[in-house]
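# What follows is a predicted structure for the sequence shown.
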Amino acid sequence: MAALRLLLLLAAAALLVVASRGDASGEGPRGRKLLVLVDDLAVRSSHSAFFGSLQARGLDLEFRLADDPKLSLHRYGQYLYDGLVLFAPSTPRFGGSVDQNAVLEFIDAGHDMILAADSSASDLIRGIATECGIEFDEDPEAMVIDHINYASTEVEGGHTLIAGDDLIQSDVILGSKKIEAPVLFRGIGHAANPSNSLVLKVLSASPSAYSANPKTKLASPPSLTGSGISLVSVMQARNNARVLISGSLDLFSNRFLKSGVKKAGSKRSHEKAGNEQFVTETSKWVFHERGHLKAVNVAHHKVGETNEPSMYRINDDLEYSVEIYEWSGTSWKPYVADDVQIQFYMMSPYVLKNMSTDKKGLYSTSFKVPDVYGVFQFKVEYQRLGYSGVSLAKQIPVRPYRHNEYERFITSAYPYYAASFSTMGAFFIFSFAYLYHK
């Protein structure tokens, strides 16, 4: 009886494990807890619309002052938060155990961040941005000025209130619905480090813009001019951590989200600026609610078989398959593309081939193992604008033919066979003629 009870308990435990795994398969790629650091708690109310949109999507926000002496990002070796929102541009230093290196380590661990600065940006905030490949204007009094593409709106700002409409062309980052109204921006410009290929400009200034102190006359040419000025940029690290950096804290404010806008010189006015749609869509991307890929069920085997071998032989015909899914914000959907490639790699790719898809997430292909033996790798390195990278590698040895696996007669050796038999025949004829010819 005791043995029967034990078996029932073990069966129940096994069912619970299977059920928990099944539930986990529907979970999102990232956790939902965010730490919001502000230098003034008034920001919580002045930017409540943006914070409300995050909470409406199921994100759990914890608000703390940036100089809180009990501030910490991790405890007992585990991070307490899944993402970070830095709305504290003027703070000279963080409280507790948090500093610039702690924030960078947080990103290196695969977590995400939104950073907003303004003309009061401290060296600390500028330093974090620099490490992410963003260089703010060195002049601490500089702001982005545009005497042509400024905004005519009830929000004051003069020619430092920019109506930006030079947006990145990416449905993954900005959503499938086009942002029709200009985005209001008032703050400092930055330049993306040209050597950093991970940084993308999401909102750029117009060719007529420049960065300078609006309260003084220009004594020398500005360091940042034209479309080279980025107003909002994003960075996706190689570990798929995502960072958004804005030179304007007002970009996320209730005033800018609810304000109407009319671009100077334009006859068309908009009842609401594009800020609300812009910050909502970009924050979805930053926190992996869109554009996150995962690869599962990687398989390879010989054609006609189902079991994965421990090694292949040269000239074997094999099949390779992998399933790729995209997180839609609520569930995993099949990812459909025609540019996913497989490499059969040893020092360099011996095979590079596009995989076909069944439109249900399964990618597969077949090819012949090269006539070269050694240690190869199946490699899938998929990088596409706005999407998280997929990097798969599986090592597999390839052996030559064994002595008893070669064909009995090799076609390419027929000339040598003919030469051998012709030599023997000629020697026989010569011997016969020599011995019996008188």
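It's in.

# what about the closest residue to Pro182 other than its chain neighbours, which helix or strand?
Taking Cβ to Cβ, 6 or more residues apart in numbering, and ignoring the residues beside it in sequence, Pro182 has Ala163 as its nearest neighbour in space, at 3.7 Å. C-betas here are computed from N, CA, C, even on glycine. Per DSSP states H and E: Ala163 is located in strand 162-164.

# distance of the closest residue to Val43 other than its chain neighbours from Leu224?
Using Cβ to Cβ, 6+ apart and skipping the chain neighbours, the partner closest in space to Val43 is Phe87 (5.3 Å). Note on Phe87: its distance to Leu224, by Cβ to Cβ, to the nearest Å, is 23 Å.

# beta partners of the residue nearest to Val43?
Assessed by DSSP bridges, Phe87 has beta-bridge partners Val38.

# And the pLDDT at the residue nearest to Pro182?
Reading off the confidence values, Ala163 has pLDDT 89.

# swap in the one 3 residues further on?
Looking at Asp166, its pLDDT stands at 90.

# Quick check, pLDDT for the residue lying closest to it once chain neighbours are set aside.
Leaving out its chain neighbours, the residue that sits closest to Asp166 by Cβ to Cβ, 6+ apart is Ser204, at 4.3 Å. In the predicted model, Ser204 carries a pLDDT score of 93.

# ok, Ser204 - contacts?
By Cβ atoms under 8 Å, 6 or more residues apart in numbering, the contact set of Ser204 is 164, 166, 227, 229-231.

# Buried by neighbour count, from the residues you listed: which ones?
Those of those that meet the buried threshold are 164, 166, 229-231, by 16 or more other Cβ atoms under 10 Å.

# Format these as TSV; extra columns: distance to His288 and secondary structure.
Listed next are the buried ones among the contacts of Ser204 as TSV, based on distance: Cβ to Cβ, whole Å; DSSP: H, G, I helix; E, B strand; the rest coil:
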residue	distance to His288	secondary structure
Gly164	25	strand
Asp166	26	strand
Ile229	28	coil
Ser230	22	strand
Leu231	23	strand
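
# can you give me the strands for the stretch 201-350 of the chain?
In the stretch 201-350 of the chain, the segments counted as strands under DSSP state E, counting those that start in this stretch are 209-212, 230-236, 242-246, 261-263, 269-270, 292-302, 312-313, 317-327, 332-334, 341-346, 348-354.

# Take those strands and write them to a markdown table, including mean pLDDT and distance to Gln55.
Conversion of these to a markdown table gives the following (pLDDT from 0 to 100; distance: least, Cβ to Cβ, whole Å):
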| stretch | mean pLDDT | distance to Gln55 |
| --- | --- | --- |
| strand 209-212 | 91 | 34 |
| strand 230-236 | 94 | 22 |
| strand 242-246 | 96 | 18 |
| strand 261-263 | 85 | 26 |
| strand 269-270 | 86 | 26 |
| strand 292-302 | 94 | 21 |
| strand 312-313 | 94 | 53 |
| strand 317-327 | 94 | 19 |
| strand 332-334 | 93 | 23 |
| strand 341-346 | 93 | 40 |
| strand 348-354 | 93 | 43 |
